[in-house]
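In: The following comprises the amino acid sequence and a computationally predicted model.
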Amino acid sequence: MVRRDTRSVGFDAERLADRFLQGNGLTEVARNFRCRLGEIDLIMNDNGCLVFVEVRFRSSNRFSRARLSVDIHKQRKIIRTAALFIGKHARYANSVVRFDVVAIDADDHGEQSIEWLQDAFRPSDSRL
């Protein structure tokens with residue numbers, strides 16, 4: 001069995017999540033926004049709502065499911081990075097925002113399941 005490097009696995013997971021979200025009516029605004037504070041995998045538009053999406057992939061759920069891996073520290077990092085994105089892109093200054101998680105889990109046979117957690121966390125939950 002050939003192990004793939006984490007970067008290509010992550011890229012494939014983000015591409016799958018992007019297609020999934022577009023299939024559900026969202027449009028892509030940006031992908032892999034990076035700054036000194038962190039990275040946001042996908043930034044989407046959902047009928048005027050700016051959606052910051054964290055994509056998580058687990059090749060095995062023996063230890064934990066993908067959705068459970070977005071802890072309070074990761075949430076804070078995403079929220080701060082989102083604020084910087086909005087600060088750099090003035091056209092989004094008055095946008096309603098949402099933080100979603102797309103969790104992709106693979107079973108022992110390689111079958112993948114996608115779970116979309118809309119409004120997965122809020123800035124008030126993270127006590128910045």
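Out: That came through, no problem. Numbers count the residues shown, from 1 in each chain.
In: where does the spatially closest residue to residue 29 that is not a sequence neighbour land on pLDDT?
Out: Spatial nearest neighbour of residue 29, chain neighbours left out: residue 43 (4.4 Å); criterion: C-beta to C-beta, 6 or more residues apart in numbering. Bear in mind the C-beta positions are built from the backbone N, C-alpha and C, glycine included. If you check residue 43, the pLDDT there is 98.
In: Let me know the secondary structure of residue 43.
Out: With DSSP: H, G, I helix; E, B strand; the rest coil as the basis, residue 43 sits in strand.
In: What is the neighbour count of it?
Out: Residues within reach of residue 43, counting by other C-beta atoms under 10 Å, total 21.
In: I'd say it and residue 53 touch.
Out: Yes. Using C-beta atoms under 8 Å, residue 43 is in contact with residue 53, at 7.1 Å.
In: Am I right that residue 110 falls within a strand?
Out: No. Counting by three-state DSSP, residue 110 is not part of a strand but coil.
In: where does the protein dip in pLDDT?
Out: 1-9, 59-69, 108, 125-128 (pLDDT under 70).
In: name the element the most centrally placed residue in it belongs to?
Out: Among the residues of the chain, the one closest to the centroid is residue 54, at 1.4 Å (C-alpha atoms, centre = their mean). For residue 54, the element it lies in under DSSP states H and E is strand 49-58.
In: ok, which stretches of this structure are strands?
Out: Assigned by DSSP state E, the strands in the chain fall at 27-35, 38-46, 49-58, 96-106, 112-121.
In: Kindly reformat the ones you listed as CSV containing distance to residue 11.
Out: What follows is the strands of the chain, written out as CSV (distance: least, C-beta to C-beta, whole Å):
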stretch, distance to residue 11
strand 27-35, 9
strand 38-46, 10
strand 49-58, 10
strand 96-106, 13
strand 112-121, 15
